[in-house]
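In: What shape does this take:
(one chain, ligands or ions: 1)
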Amino acid sequence: MDPLKEFAPLPSDPPPGCPFAPPREYTELRIEQPVSRVALADGSWAWLLTRYVDIRRALSEPRFSSDVNAPGYPRSGMVTAGEGASLIRTDPPEHGRRRRMLTPAFTVKSVSALRSRIQEITDQLCDEMEEQKRKDGPDGSVDLVRSLALPLPSLVISLLLGVPYEDRVLFQSITATVLSRVNTEDERNAARKELRSYLGHLVVSKEENPGDDILSELIHERMRAGQLTREEVTGTATLLLIAGHETTANMIGLGVLTLIQNPRAAEELRKDPSLMPGAVEEMLRFHSITRSGPRRAAIADVEVGGQLIKAGEGIICAVASANRDPEQFPDGDNVDIRRRNAQHHVAFGYGVHQCLGQSLARAELEIALNTVLARFPGLRLAVDFTEVPFRSDMLVYGCHALPVTW
Ligand code: HEM
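Out: Numbering: from 1, shown residues only. As a prediction, this is how the structure comes out:
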């Protein structure tokens with residue numbers, strides 16, 4: 001059997017002219033074949049899940065493994081940051097042991113304590129945007145992705161990990177290569193190696209000169225006690241950098257663009273910032289930036305949505321489809337900042353691997369969007385909407401640039 005001839009390819013591109021919409025095929029699949037076989041670029045195939053209930057059920061099912069080396073795991077075209085040493089690719093009970101070491105830094109309480117620092121960084125970046133605009137004059141424009149969306153999460157995660165600020169440009173370029181769909185597997189592997197090698201050196205330097213950061217704590221509390229190897233500390237740092245940087249950056253860019261495109265919602269939020277947490281949930285649901293979603297391999301036979309998935313077969317959970325499932329989110333193709341159940345989205349995944357950094361991502365998004373609304377009331381696109389370069393060539397959706405003016 002040749003999967004590439006037998007099955008439809010994994011849908012990836014938004015419909016023409018609708019950059020905010022997930023692939024059109026999802027709507028049909030949810031109704032007709034919610035668990036269906038798809039062909040992957042490397043010639044293998046996997047089950048694609050498109051319904052909200054099936055995806056939640058699969059992501060909380062212990063018979064599905066996150067281990068990329070498990071037989072049948074759909075590896076084609078995916079990012080394997082940190083590889084074997086990574087928390088995101090580890091199954092229980094080892095997964096729980098590793099996750100508990102990191103949880104304290106990412107609780108709602110720890111993130112609340114960081115909020116003033118996040119606000120300071122945001123204010124500083126907005127000052128720089130104003131400065132640039134002043135220099136360029138009334139016709140000037142600023143790329144909000146480069147000026148705010150990318151540097152903010154990068155600076156916050158660098159701060160948490162204790163990565164020197166001067167290295168941010170290096171990080172942005174390496175993570176962009178690791179996550180790009182247009183780069184070859186060899187280029188991505190080289191970028192992964194470069195990042196790990198840099199972080200490996202950073203771990204060594206923090207063994208000698210510890211700071212007040214997650215890496216130093218992992219080294220001095222966990223590695224020295226023999227609970228983690230140096231390799232595992234480096235793998236964790238790689239994962240946090242990649243997982244925490246590009247994702248939040250793209251959501252900030254898309255969030256601002258959503259507000260520009262929905263001036264009434266922007267006005268409501270400007271008048272009443274207490275609506276922002278709900279609006280952020282709605283934007284996470286609506287955009288679902290990890291478009292092709294979490295993947296797993298069945299380690300025993302499992303039935304999902306009436307379909308038997310055999311041990312050794314892989315699944316792909318299309319969270320972008322689940323988050324538009326009308327059974328769960330009526331009128332889900334529209335943004336409604338007052339949607340009552342928006343927080344039940346699966347943009348952060350579900351089950352034991354549900355995003356560790358979700359409180360941090362929420363805080364960064366709320367602060368960035370509130371600050372942009374307050375400081376740039378006349379914010380608008382500096383180009384036509386059709387000219388915004390969307391990232392359909394990347395694994396994490398968003399826009400490459402967002403030229404704005406005010
Ligand atoms: C809008 C921003 C973000 C989105 C949409 C997002 C999305 C996700 C998703 C879908 C998963 C589940 C993967 C799976 O089940 O296989 C995940 C896991 C994870 N995320 Fe995020 N993420 C975001 C921000 C962050 C941030 C800011 C950090 C940390 C600084 C972070 C760290 C992680 C980690 C460590 C995991 C693995 C958790 C585990 O395996 O137990 N993420 N994220």
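
In: Run the chain-centre distance for stretch 385-399.
Out: Here stretch 385-399 is found 14 Å from its chain centre; the criterion is C-alpha atoms, centre = their mean, to the nearest Å.

In: ok, now which ones touch whichever residue of the chain sits closest to the ligand?
Out: Closest residue of the chain to the ligand, C-beta to the nearest ligand atom: Gly357 (2.1 Å). Quick note: C-beta positions are derived from backbone N, CA and C, even for glycine. Counting by C-beta atoms under 8 Å, 6 or more residues apart in numbering, Gly357 makes contact with 106, 240, 243-244, 248.

In: Try it again at 7 Å.
Out: When contacts are counted by C-beta atoms under 7 Å, 6 or more residues apart in numbering, Gly357 touches 106, 243-244.

In: what does Val35 give?
Out: The contact partners of Val35, by C-beta under 7 Å, 6+ apart, come to 47, 49, 54, 304-305, 307.

In: got those residues as a markdown table, with pLDDT and secondary structure columns?
Out: Output for those, formatted as a markdown table (pLDDT from 0 to 100; DSSP: H, G, I helix; E, B strand; the rest coil):
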| residue | pLDDT | secondary structure |
| --- | --- | --- |
| Trp47 | 98 | strand |
| Leu49 | 98 | strand |
| Asp54 | 98 | helix |
| Val304 | 98 | strand |
| Gly305 | 96 | coil |
| Gln307 | 98 | strand |
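
In: of those residues, closest to Pro23?
Out: Of all the contacts of Val35, Leu49 has the smallest distance to Pro23: 14.0 Å, by C-beta to C-beta.

In: Just list whatever residues bridge to that closest one.
Out: Counting by DSSP bridges, Leu49 forms beta bridges with Val35, Cys317.

In: Report the separation between it and Ala318.
Out: Using C-beta to C-beta, to the nearest Å, Leu49 is found at 6 Å from Ala318.

In: go on, Pro3?
Out: Pro3 is 18 Å from Ala318, by C-beta to C-beta.

In: what about those two, which has more around it?
Out: More neighbours surround Ala318 than the other of Pro3 and Ala318, with 32 against 16 (other C-beta atoms under 10 Å).

In: Can you check the pLDDT for that one?
Out: As predicted, Ala318 sits at a pLDDT of 96.

In: just Val79 next, same as before
Out: Reported pLDDT at Val79 in the predicted model: 56.

In: Name the SS class of the closest residue to Gln119 other than its chain neighbours, please.
Out: If you skip the residues right next to it in sequence, Gln119 has Ile367 as its closest partner in space, 5.5 Å away by C-beta to C-beta, 6 or more residues apart in numbering. Following DSSP: H, G, I helix; E, B strand; the rest coil, Ile367 is assigned to helix.

In: Make sure Ile367 is actually in contact with Asp123.
Out: No - Ile367 is beyond contact range of Asp123, at 9.4 Å (criterion: C-beta atoms under 7 Å).

In: where along the stretch 1-150 of the chain do the strands fall?
Out: Taking DSSP state E, counting those that start in this stretch as the test, the strands found in the stretch 1-150 of the chain are 35-39, 45-49, 64-65, 142-143.

In: Apologies, that question was intended for the stretch 301-406 of the chain.
Out: Using DSSP E, counting those that start in this stretch, the strands of the stretch 301-406 of the chain run over 302-304, 307-309, 314-317, 380-381, 403-405.

In: so how far is the second one from its chain's centroid?
Out: It stands for strand 307-309. Per C-alpha atoms, centre = their mean, the centroid offset for strand 307-309 relative to its chain is 28 Å.

In: Go through stretch 387-402 and flag the buried ones.
Out: 388, 390-391, 394-402 (16 or more other C-beta atoms under 10 Å).

In: How far does that stretch stretch from one end to the other?
Out: End-to-end span of stretch 387-402 (C-alpha to C-alpha, to the nearest Å): 10 Å.

In: What of stretch 308-320?
Out: Taking C-alpha to C-alpha, stretch 308-320 runs 23 Å from one end to the other.

In: Show me what from the stretch 51-200 of the chain comes close to the ligand.
Out: By the rule C-beta under 6 Å from any ligand atom, the part of the stretch 51-200 of the chain lying against the ligand is 66, 87-88, 99, 157.

In: Just the ones of these in helices?
Out: 99, 157 (DSSP state H).

In: For the ligand, tell me whether the helix or strand containing Thr247 is touching it.
Out: Thr247 is part of helix 230-261 when elements are defined by DSSP states H and E. Yes - applying C-beta under 6 Å from any ligand atom, one finds helix 230-261 touching the ligand at 239-240, 243-244, 247-248, 251.

In: how many other residues sit next to His201?
Out: Close neighbours of His201, defined as other C-beta under 10 Å, add up to 11.

In: Okay, and it sits in which element?
Out: Using DSSP H and E, His201 maps to helix 185-208.

In: now check the first helix or strand past that helix going along the chain, is it near the ligand?
Out: Using DSSP H and E, the helix or strand that follows helix 185-208 in sequence is helix 214-217. No - judged by C-beta under 6 Å from any ligand atom, helix 214-217 makes no contact with the ligand; its nearest approach is 9.3 Å.

In: same thing with stretch 362-372?
Out: No - using C-beta under 6 Å from any ligand atom, stretch 362-372 never reaches the ligand; the gap is at least 6.8 Å.

In: can you give me how far that stretch is from the chain middle?
Out: Worked out by C-alpha atoms, centre = their mean, stretch 362-372 lies 16 Å from the chain centre.
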